[in-house]
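# Take this sequence and fold it.
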Amino acid sequence: MRHISRGITLAALALSAAAIAHPGSKTLVKFEGAIGADPLTGAGGVDVVNVVRGINPGGRAWVLRRLHAAVSTGGHIFARGSGLLLASGDVIGTPGPVTQVAATLACGPANNTATLFNSAPASLDAAGSFRIDSALTQDGINPAVLPPVCDNPVLLIRSVGANGAPGAWFAAGIPDLDDND
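Predicted structure coming up:
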């Protein structure tokens, strides 16, 4: 019970800090909890690659124990996750060779025409914990201008390649659609 209330308190403080750090911006979309990636999904009785919003999954199953994220109307994301770990193979329970992650927010149709917004890379520690506090961008340079409403929001936590660009997705945030908090 003590760990649960401590986690809730830390999450509330983190999201409050994000709001204070960016006054004048309101929350566009929030995510609470996560779904780990399974690289394959069933389609018509056949396993196919689990592509989400045009982005391929990592090559193995992943879990993400906790995720709290908020994106402001001004284009800033604050996300904190813990327990992003491989769920299979000899490296089970570790982040394997992954040392950095990024977040991608997709707004729009559930096909490959959604608009994608990426965060800057953030460090991933050996326990699978990360903290993203960054402006979103579409081109890797300029701050993004987000739509006034993010239809069909998807937040993907992704690997970061040697070139600094987001790669495969490992986990997806669960949209928090409750306007009462």
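# going forward, measure contacts and count neighbours with C-alpha atoms only.
OK.
# For Phe117, see how far away the residue of the chain positioned farthest from its centre is.
Largest separation from the mean C-alpha position in the chain: Gly45, at 28.9 Å (Cα atoms, centre = their mean). Distance of Gly45 to Phe117, computed by Cα to Cα, to the nearest Å: 33 Å.
# now Gly75
For Gly75 relative to Phe117 (Cα to Cα), the value is 9 Å.
# what sits in contact with each of those two?
Leu136, Ala144 (Cα atoms under 8 Å, 6 or more residues apart in numbering).
# show me where the protein has helices.
Using DSSP state H, the helices of the chain run over 2-21.
# what residue ranges in the protein score low on pLDDT?
Scanning the chain for pLDDT under 70 picks out 1-24, 179-181.
# Go again with 90.
1-25, 41-46, 109-113, 177-181 (pLDDT under 90).
# List the residues that contact Arg80.
Ala14, Leu67, His68, Ala69, Ser129, Phe130, Arg131, Ile132.
# repeat that for 6 Å
Residues counted as contacts of Arg80 (Cα atoms under 6 Å, 6 or more residues apart in numbering) are Leu67, His68, Phe130, Arg131.
# Out of those, the closest to Phe31 would be?
Using Cα to Cα, His68 comes nearest to Phe31 of the contacts of Arg80, at 5.8 Å.
# Is that closest one bridged to anything, and to what?
Beta-bridge partners for His68, by DSSP bridges, are Glu32, Arg80.
# and the gap between it and Ile132?
Taken as Cα to Cα, the span from His68 to Ile132 is 10 Å.
# just Val49 next, same as before
Look at Val49 and Ile132: by Cα to Cα, they are 27 Å apart.
# More neighbours: those two, which one.
Taking neighbours as other Cα atoms under 10 Å, Val49 and Ile132 compare with Ile132 leading, 21 against 15.
# If we ignore the residues flanking it in sequence, what's nearest Asn118?
Thr104 (4.5 Å; Cα to Cα, 6 or more residues apart in numbering).
# on that earlier part again, so what's in contact with His68 and Ile132 at the same time?
In terms of Cα under 6 Å, 6+ apart, His68 and Ile132 are both contacted by the residues Ala79.
# where along this structure do the strands fall?
Secondary structure of the chain (DSSP state E): strands at 27-36, 40-43, 46-49, 62-72, 76-86, 100-107, 115-118, 122-123, 130-135, 154-160, 166-175.
# Distance from the second one to the middle of the chain?
This means strand 40-43. Here strand 40-43 is found 21 Å from its chain centre; the criterion is Cα atoms, centre = their mean, to the nearest Å.
# Convert the C-alpha atoms of that strand to PDB, please.
Output in PDB follows, covering the C-alpha atoms of strand 40-43 (Å, rounded to 0.1, in the frame of the first residue of the first chain):
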ATOM      1  CA  LEU A  40       3.500 -10.200 -33.900                       C
ATOM      2  CA  THR A  41      -0.200  -9.900 -34.000                       C
ATOM      3  CA  GLY A  42      -3.000 -12.100 -35.500                       C
ATOM      4  CA  ALA A  43      -4.800 -11.000 -38.600                       C
END
